[in-house]
Structures are given as C-alpha cells and as structure tokens.
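# Pasting the sequence and the predicted coordinates here, then a few questions.
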Amino acid sequence: ETGVTQSPTHLIKTRGQQVTLRCSSQSGHNTVSWYQQALGQGPQFIFQYYREEENGRGNFPPRFSGLQFPNYSSELNVNALELDDSALYLCASSATGQVNEKLFFGSGTQLSVL
Amino acid sequence: GESVGLHLPTLSVQEGDNSIINCAYSNSASDYFIWYKQESGKGPQFIIDIRSNMDKRQGQRVTVLLNKTVKHLSLQIAATQPGDSAVYFCAEKSPLGSYIPTFGRGTSLIVHP
C-alpha cells in the first residue's frame, strides 16, 4: 500500500452534474497530481498541486479544477459532467525536490456518468 | 489526450518464461524513465526507473533497457510468475518543469500457470 487514499471509490453521476473527488497524500509528501484513466488507456495528466498552488496543467478544460489544502490533501472538482468524463481518476503524491522523485498512486475513484 | 482503441497490446507467456515488454517514447529531451505496474482495481505501482545517462538498470527479477538512439525502452521480467499479470506502463519525464511523467498506452501481461 502506498499511503495515498482516495474517496469515494466509486461514484455514479448524471450528465450536467458536478462532482468532487478527494485525496489524502502520503505522509511527508507535499505534491499531489491528478490523472484521468479511460478504459484501456494510460493515465492522462490533469494537473498538479504543490504547496496549495497549481504547478502544471494538462490538456483539460477549465471545468476541471482543483484545490490543495495546508495538510497537502487535495480535491478534484469537475463541473457540467459529460459522458466522456467516465473514467478512473487517480491521485498521486510525491515529495517535490527529492532526487528521482517518484509518484505514489492511490487506488482511484471510478466515476460513471450516465 | 489522443483517442485510442480499447484493446491494449497483450503479451501472453507461460509461468517461468522471461517476458519482454517494449515501449517507444516520444520526447527526445526526456531524461528520466519509469516503469509502472497496474493490477486490476489498483493504481499504478512503481517498478523500476532509469536515467538517460544509463542504458541498463537491474532490479529484483526486472531489468530496464534504454536505447536513446531509437527512443526505445524495454522491461524484462525474469522467471515470470502469475502475480506478474497486470498492465505495464512506461512513463517519461522531461527536464523542463515539475516532475510530471507522461504515460504510454500500456501493455497487458498475461501469465499462464
């Protein structure tokens, strides 16, 4: 186990709704990255947070937003859900600044949009 | 990201055989490469990494080979076991910006007892 926990594990929403996914990072890690993994594909980078600031963003629309809290936990918010948002959402924590910094992933939140 | 089909490349091997999983990376500026293993219902798990100043690195039962000339990475698993059945991803990192690895599509390894 990595020490990264995500909630909820599964979620069903309807098109147009909003969703909030949560992630608790591993102890000692100050950076959280969010990935979207569609069925049969590799994880696609959404954004990264370091010390409560967005530190990089992938090719996702503004309706994907996030937060990082002082304890380094994080939220991913998605507004106006679309059917194509159905995917596994992965959170990964890391300790920025360390040599050979590695990502430690949680087990993900499986989101289904109907 | 780019849309791809649902069918992952698949490698089927017999228990005890050696497995070789290949990956072509895209960015010639990438200086750090990582292999991840993802079992069903879990997030990706770090296996082994290699920096661009090396061409080979060995771990326990795993070896990563890097060929920068053709931008190719491979993962060799010795004496493959049923517990090795999973999807394997290679990821690359560019020296520009934060540690944000870019993942490849993945290869499904199936180990038959």
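All right, it came through fine. Numbers count the residues shown, from 1 in each chain, chains lettered A, B, ... in the order given.
# who are the neighbours in contact with B:Asn27?
With contacts defined as Cβ atoms under 8 Å, 6 or more residues apart in numbering or on different chains, the neighbours of B:Asn27 are B:Glu92, B:Ser94, B:Thr102. Placement of C-beta: from N, CA and C, glycine included.
# For A:Asn59, give me phi and psi.
Backbone dihedrals for A:Asn59, given as degrees, to the nearest 10, come out at phi -90, psi 70.
# ok, it - how many residues close by?
Neighbour count of A:Asn59, defined by other Cβ atoms under 10 Å in any protein chain shown: 9.
# and if you look at the one 4 residues further on?
By the criterion of other Cβ under 10 Å, A:Arg63 has 13 neighbours.
# need the contact list for it.
By Cβ under 8 Å, 6+ apart, the neighbours of A:Arg63 are A:Val78, A:Asn79, A:Ala80.
# Listing request: residues of chain A with sub-threshold pLDDT.
Within chain A, the stretches falling below the threshold (pLDDT under 70) are A:1-2, A:97-100.
# how about the residues of it that lie near chain B?
A:2, A:4, A:31, A:33, A:35, A:39-45, A:48, A:50, A:55-56, A:58-59, A:90, A:92, A:94, A:96, A:100-108 (Cβ under 8 Å from any Cβ of the partner chain).
# Give me the buried subset of the residues you listed.
By the neighbour-count criterion of 16 or more other Cβ atoms under 10 Å in any protein chain shown, these include these buried positions: A:2, A:4, A:31, A:33, A:35, A:41-45, A:48, A:50, A:55-56, A:58, A:90, A:92, A:94, A:101, A:103-108.
# Tell me how far the spatially most central residue of chain A lies from A:Gln26.
By Cα atoms, centre = their mean, the mean C-alpha position of chain A lies nearest to A:Trp34, the distance being 3.0 Å. Computed with Cβ to Cβ, to the nearest Å, the distance linking A:Trp34 and A:Gln26 is 15 Å.
# What does B:Gly83 show for phi and psi?
Here B:Gly83 shows phi and psi, under degrees, to the nearest 10, equal to phi -70, psi -10.
# contacting residues for it?
Remark: with contacts taken as Cβ under 8 Å, 6+ apart, B:Gly83 is in contact with B:Val111.
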